[in-house]
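**Q** sequence first, predicted model second:
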Amino acid sequence: MSREKRSRRGQALNSPGLNSTLPRRVAALLAGLLLLGLGSASARTIRIIQADRLELNKVDGQEIVVISGERVELHVDDDVVIATRVEFNRSRRTLTLIGRGRYDAVNAQGGVQKLVGSDLVVNLGNQAVTGQDVILSDTDLEIRGEAVERVPGRLTASGSYFTPCAKCGRTPNDYAFRAKRLILYPGDRLIGYEATLLLADVPVLYLPLVALPLNDPSRQPRLSYTNDFYDGRTFKADLPFAFSSNVLGTTYLRYYQNRSPSFGGGGAFTIYTPARWIDRIDAYGLAEPNSVNAEGTFTSGYAIDATLSAKGHFEVENSAPGGLTYSISLERRAIGLQDTDTNKGVTNINAQADVTLTNVRNVGNVKLSATIVDRRGLEPTDNLGSTFKRPEVVIDPDPYRVTFRNGNSLSADFRFTVGNYFSQSNPLSRKATAQGPNYSTARLQEEHSIQFLARPWKNADLSIINNFTGRYYLSGQRTVDLEIGGSLTQTFGIRPPTDSSAPTYTPYGTPINLPSSLGTFTVGYKYLRREGVSPFAFDALSSPRLSAPLGAALTLTPGSGVTLQLSQDYDLIQPADNQLPANFSVSVAQAPVQLNITAQQDFFKSRLESLNASGSFGASAARGLNFSFSGSYTRLGGPDTLTTAINGIGGVRTNTFGVSLVQDLKARELRSVSVTANAVSTRDAVVNPVTLSLNETVNLQSSNLSGTINVNWRNLAFSTTHSLTLPTGSVQPSTVEGQPDNPGGDTVYFSVGNIPGGGLNTGLPGSASDSNLTWNLRYGGAYDLANTRWSRPELSASLRASKQGQSLSAQATLALPGSLRYDNPGPYLQTASVTGAYQLSRRVAVNGIASYTRTQPSGPGQSLSETLNLSPLAFNFTFGRQDRPDASLTATFQQTISWVNGVRTDPTPFQPVLLLTVDRCCWAFQAEINPIAKRFRIGLVLPGAGNISAFEDNQGGITFPAFNPVNP
């Protein structure tokens with residue numbers, strides 16, 4: 001393009017007419033569409049979210065895109081760029097934020113690192129950022145630097161100020177540092193050179209070097225020391241490192257006293273964009289002296305683990321954005337594996353390459369994919385759990401579609417797969433199983449789906465399909481899965497469109513919507529062929545098949561909500577006694593009738609295979625009676641139960657009454673009877689609302705009566721539930737002297753409580769009261785119907801209350817005397833529990849859980865046991881600021897106390913634990929005192945370091961855990 005043409009293009013895009021005639025969002029959308037292709041060159045996608053103006057220029061042979069506006073927002077993959085003017089250099093693949101701007105970098109874990117500064121420059125190749133007067137902030141630190149340079153894995157700043165306390169909102173910061181030079185390894189550590197420690201922004205100490213860990217588990221130094229029977233003294237060290245602009249890594253050091261040799265080691269590292277065609281390389285290697293074998297002895301030498309993976313892309317002409325993408329990984333494992341393990345010393349290989357070629361002549365786009373899944377080492381002798389591809393190539397052109405002038409259409413989709421495979425043998429293949437549990441051979445797979453759609457005459461639709469999957473093996477075997485078919489559908493009785501503005505209604509108020517036609521008639525034919533035996537288990541056919549069904553289907557829609565369907569298939573290959581039954585269905589959905597019937601009739605054998613029917617007649621949403629039924633029948637199982645129901649709907653639609661009967665058609669007897677009722681008061685329903693719901697079921701086969709009754713009045717709820725064995729109950733008297741009666745399974749309960757949040761609402765201002773108090777009382781339990789009294793009753797009460805800063809939940813169950821012999825003690829507390837958190841004042845709070853259980857003796861000679869569990873009970877006192885206290889003192893009790901026949905079995909006294917915490921947001925101090933266990937501990941909580949126990953004094957002596965790391 002000549003310079004004159006480029007200049008005109010830039011003027012056209014930069015002319016005032018663009019901004020005056022298009023809204024800002026349209027201009028930003030245009031800019032985003034133009035930039036989509038620009039981002040592909042760097043393998044990162046740039047999206048313009050907001051901008052006012054876009055300019056395309058060429059300066060000194062370099063293509064520069066200028067995006068400007070009151071607010072420019074760009075998304076570079078997941079990263080966000082915000083400025084007023086951004087220059088994108090396509091040649092150097094850089095973004096320059098002119099003036100003040102912000103760059104938010106998002107890492108793989110979703111963390112955000114925000115950089116705010118002047119003249120920030122973002123390199124899209126290695127994701128480096130440079131700038132002046134930059135403020136960087138993330139979840140751990142805030143850093144200010146006169147000049148900052150950021151690359152993946154490292155940030156360098158000169159003339160810097162950094163502190164973990166900026167997020168706390170205190171002024172001044174509790175502590176901070178000034179450093180001449182600073183290096184930050186995100187998620188790893190921060191190192192400052194020639195630093196000054198500031199307390200409340202006052203210089204107090206000069207440090208030539210300061211280092212802060214940042215507590216990313218994968219990037220933390222790890223030290224461990226153990227001493228066991230086999231290895232003796234063992235030292236392990238994992239030391240992360242970072243160098244250059246795009247390398248992160250970890251060094252591994254190992255020492256085993258009893259192994260030969262004793263020393264081992266290795267490393268792992270990640271390299272970002274070492275070349276234009278490589279996006280990332282990950283490598284890992286570790287050599288450890290051989291561990292003890294199954295016989296308990298050591299062998300000289302090393303066990304080696306190693307992995308190598310890489311991914312990247314190549315720019316390919318006439319290809320989709322991103323070009324050719326690839327990934328490769330090598331993995332070898334030996335550490336921790338026994339010599340008999342077939343996976344020891346084996347290298348697994350997995351490689352993948354994909355590219356989409358565009359504008360291929362007479363084809364369009366073609367997707368190409370190559371895969372290698374293999375292993376190097378001993379060949380497996382048992383069944384493989386995966387399939388090895390050595391290699392596999394897939395050619396997948398875009399579907400071919402054409403529409404003719406007469407409206408007919410043709411579509412064809414082809415896919416080819418060729419490869420050499422090593423996988424588990426198909427047990428049905430003699431050739432494969434003769435060579436062992438696994439088999440290897442080459443395979444060609446061709447798949448296609450062809451469909452032709454046409455309209456041969458008026459209101460007729462013709463469809464012809466051809467679906468095929470063929471697999472051909474170098475061993476001479478093959479499998480075929482073929483489907484060829486066609487169908488012709490004729491629509492008849494076309495009704496003219498009705499005027500929807502004046503619908504017609506039935507006497508029951510439902511609209512009459514006539515279908516668009518009287519019905520359709522369809523004839524179809526298919527040829528289905530599935531044959532062949534695969535040598536592999538992973539692509540074996542489910543079962544052979546040869547079928548040629550010729551079918552017809554008739555659908556009638558004579559009126560609104562009425563549908564009749566009939567279909568029959570006849571397989572030209574199968575004999576008459578092996579044909580599928582005909583399907584028949586009737587559906588009516590027009591008030592007052594709802595009806596659904598489906599049936600399968602075998603005309604070749606003159607027998608009914610199945611029948612399902614359900615329906616209703618009468619009122620559904622209006623006043624009156626409604627009758628409903630449902631039932632089914634199968635030739636093998638016979639008739640199923642028939643359920644019939646009659647429901648009455650009162651003047652108020654919420655008032656209903658119904659009776660339901662379940663009839664066992666096989667035994668010709670009534671199985672159960674159910675009664676349901678729902679009612680709402682119509683008089684004084686605002687001030688004194690009353691609702692009733694009832695459900696009762698009599699099971700005539702088990703002679704059981706069960707049901708529930710619920711009555712709500714204002715904000716009170718009354719309910720009863722029962723399950724009784726007719727006619728005399730389920731209590732079984734004991735035949736052994738001294739043993740209690742068996743109460744059986746009959747129960748009756750009565751309860752009363754309030755409706756949560758359902759205070760009295762009269763409709764007047766101020767009459768609604770959303771209660772935060774919920775309570776319930778329940779009486780009942782096992783019931784003796786013969787004596788019309790409870791055999792083992794209980795009285796339970798529960799209370800839940802909450803408001804801001806306070807919550808209380810209490811429950812208690814009282815066992816009462818009943819009618820059972822030898823099991824009728826006086827009233828006693830059976831269970832009780834209290835859970836709560838109560839803010840006594842702004843500085844005093846109590847919370848915890850306390851529960852009590854009592855188990856009565858079940859017979860002569862048995863013991864009475866009681867248990868009190870505190871888990872835990874805590875008292876908390878806070879000091880300092882009221883909105884966020886600086887310190888707290890907590891006393892906790894966590895203990896279980898047991899009694900047997902009133903004698904305490906655990907004489908241990910109460911064990912309070914005192915915990916003093918000083919919390920300053922960016923650091924915290926803890927002191928723990930346990931006077932009973934005679935333990936005293938001091939700990940620190942630092943950013944990135946977690947909870948560090950600096951000093952412990954217990955019965956085992958004094959230790960300093962911070963300087964004696966354990967195995968992580």
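**A** Yep, that arrived. Quantities reported herein were computed from a predicted structural model and do not represent experimental measurements.
**Q** for the residue nearest to residue 574 when sequence neighbours are not counted, name its beta-bridge partners.
**A** Using Cβ to Cβ, 6 or more residues apart in numbering and skipping residues adjacent in sequence, the residue nearest residue 574 is residue 547, 7.1 Å away. In this view, the C-beta of every residue, glycine as well, is placed from N, C-alpha and C. Per DSSP bridges, the residues bridged to residue 547 are residue 528.
**Q** so how far is residue 571 from residue 547?
**A** 6 Å (Cβ to Cβ, to the nearest Å).
**Q** just the pLDDT for the residue nearest to residue 574.
**A** pLDDT recorded at residue 547 is 95.
**Q** before we move on, back to that, higher neighbour count, residue 547 and residue 571?
**A** More neighbours surround residue 571 than the other of residue 547 and residue 571, with 18 against 15 (other Cβ atoms under 10 Å).
**Q** which residues does the residue nearest to that one when sequence neighbours are not counted contact?
**A** Leaving aside its chain neighbours, residue 571 sits nearest to residue 549 (4.9 Å; criterion: Cβ to Cβ, 6+ apart). The contact partners of residue 549, taken as Cβ atoms under 8 Å, 6 or more residues apart in numbering, are 525-526, 528, 569-572, 580.
**Q** and the closest residue to residue 137 other than its chain neighbours, what is it in contact with?
**A** Nearest non-adjacent residue to residue 137, counting by Cβ to Cβ, 6+ apart: residue 114, 5.1 Å away. Contact partners of residue 114, counting by Cβ under 8 Å, 6+ apart, are 102-104, 136-138.
**Q** give me the three-state assignment for residue 114.
**A** strand (DSSP: H, G, I helix; E, B strand; the rest coil).
**Q** state the distance from it to residue 49.
**A** In terms of Cβ to Cβ, residue 114 sits 17 Å off from residue 49.
**Q** returning to what we had before: which ones among the contacts of residue 114 lie within strands?
**A** 102-104, 136-137 (DSSP state E).
**Q** in PyMOL, how would I select the buried members of those residues?
**A** To isolate in PyMOL the members of the ones in strands among the contacts of residue 114 that are buried, counting by 16 or more other Cβ atoms under 10 Å, one can use:
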select buried, resi 102+103+104+136+137
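**Q** can you show me the strands along the stretch 1-150 of the chain?
**A** With strands called from DSSP state E, counting those that start in this stretch, the stretch 1-150 of the chain shows them at 46-50, 53-59, 62-76, 79-89, 94-106, 112-123, 129-137, 142-151.
**Q** how about these in JSON lines, adding mean pLDDT and distance to residue 709?
**A** Putting the strands of the stretch 1-150 of the chain into JSON lines (pLDDT from 0 to 100; distance: least, Cβ to Cβ, whole Å) gives the following:
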{"stretch": "strand 46-50", "mean pLDDT": "88", "distance to residue 709": "61"}
{"stretch": "strand 53-59", "mean pLDDT": "85", "distance to residue 709": "73"}
{"stretch": "strand 62-76", "mean pLDDT": "89", "distance to residue 709": "61"}
{"stretch": "strand 79-89", "mean pLDDT": "91", "distance to residue 709": "61"}
{"stretch": "strand 94-106", "mean pLDDT": "89", "distance to residue 709": "59"}
{"stretch": "strand 112-123", "mean pLDDT": "87", "distance to residue 709": "58"}
{"stretch": "strand 129-137", "mean pLDDT": "86", "distance to residue 709": "63"}
{"stretch": "strand 142-151", "mean pLDDT": "85", "distance to residue 709": "65"}
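**Q** closest to residue 655 out of those strands?
**A** strand 46-50 (57.8 Å; Cβ to Cβ).
**Q** so in that sheet, which strands flank that closest one, and in what orientation?
**A** Strand pairing (DSSP bridges) places strand 46-50 next to strand 62-76 (antiparallel).
**Q** so residue 524 bridges to which residues?
**A** residue 487, residue 551.
**Q** how about residue 203?
**A** Under the criterion used (DSSP bridges), residue 203 bridges to residue 198.
**Q** surely it and residue 197 touch.
**A** Yes: the criterion here is Cβ atoms under 8 Å, and residue 203 meets it with residue 197 at 7.4 Å.
**Q** higher neighbour count, those two?
**A** Counted by other Cβ under 10 Å, residue 203 and residue 197 do not tie: residue 197 has more neighbours, with 16 against 10.
**Q** excluding covalently adjacent residues, which one is nearest to that one?
**A** Per Cβ to Cβ, 6+ apart, closest to residue 197 is residue 205, 4.2 Å.
**Q** again, but for residue 286
**A** The nearest residue in space to residue 286 (Cβ to Cβ, 6+ apart) is residue 266, at 3.5 Å.
**Q** so the one you found makes contact with residue 285?
**A** Yes: contact between residue 266 and residue 285 holds when scored by Cβ under 8 Å: they sit 4.6 Å apart.
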